[in-house]
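# Need a 3D model of the following:
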Amino acid sequence: MSLQILYLAQSAGAGKITQTDGSLITLGVGYVVPELPALPAGLTFPRGRKPQWSNARRQSLAGTRSVNQLYFIPLYQWTITYSFLRVLASHPEWQTFLDFFNSLAAAQPFYYTDPLDNLATDQVFGVGDGTTTAFQLARRLVPGGFAEAIQSPLAPITVKDNGSPTTAFTLGNGGIVNFITPPAAGHTLSWSGTYRWLVRFDDDSADLSQMDSILYELKKITFSGEKL
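Residues are numbered from 1 along each chain as shown. Got it, this is the predicted structure:
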């Protein structure tokens, strides 16, 4: 199974998500996925990002072990810290975060832009075979490294067919690029653009501590990726 078909199979559940424009998707009836508010003043280090895989591990009576990989791509968990959130009319950071958290009931998905993992530049995402028209966007952190599906790109994106820019495609749900005609066999497909990550909060509560009359602290909040 080729890379692009493998990721397309993983994204088969994306039919429940409807594209509304180049940057937003709706989940269910009338729900528009929001983005984590930018509150950079109090956002501080350390920040965590943990790749999570799922494997079925078995050990025989003789002590030999077998591992069956259940995920084709990892899920990530992010941990961020706000050293302060101001409670001011001019800087309503505490109000903004609390409103965002409660509006999702800590349950609905939202977008997160990872400051170190949000940009694709001439990333290869497939090779034409003369028949296939649908390809999953992907990126590699190092040249020739592990290819990982990008399911929440921000339109517009730039696509090249064997190095030549093309507009003969549409960008579908879950980061699927649908070419009007199949790319020729052996043609390398690449893309450039920005992307985000679809995530949910891991916990049903947020531990906000009041530091003084106008400042709150949020020592840790975690959220994990969602597969489409």
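
# what comes into contact with the top helix by length along the chain?
If each helix of the chain is counted by residues according to DSSP state H, the longest one is helix 93-103. By CB atoms under 8 Å, 6 or more residues apart in numbering, the residues outside helix 93-103 that reach it are 34, 36-37, 39, 41-42, 82, 84-87, 110, 201, 206, 208, 216, 218. Quick note: C-beta positions are derived from backbone N, CA and C, even for glycine.

# 6 Å instead?
Applying CB atoms under 6 Å, 6 or more residues apart in numbering, the contact partners of helix 93-103 are 37, 39, 85-87, 206, 216.

# Could I have the CA atoms of that helix written out in PDB?
Only the C-alpha atoms of helix 93-103 are listed here, as PDB (Å, rounded to 0.1, in the frame of the first residue of the first chain):
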ATOM      1  CA  GLU A  93      -6.600  37.300  29.200                       C
ATOM      2  CA  TRP A  94      -8.100  35.400  32.100                       C
ATOM      3  CA  GLN A  95     -11.600  36.100  30.800                       C
ATOM      4  CA  THR A  96     -10.600  35.100  27.300                       C
ATOM      5  CA  PHE A  97      -9.200  31.700  28.400                       C
ATOM      6  CA  LEU A  98     -12.000  30.900  30.800                       C
ATOM      7  CA  ASP A  99     -14.600  31.700  28.200                       C
ATOM      8  CA  PHE A 100     -12.900  29.600  25.600                       C
ATOM      9  CA  PHE A 101     -12.500  26.600  28.000                       C
ATOM     10  CA  ASN A 102     -16.100  26.800  29.100                       C
ATOM     11  CA  SER A 103     -17.500  27.400  25.600                       C
END
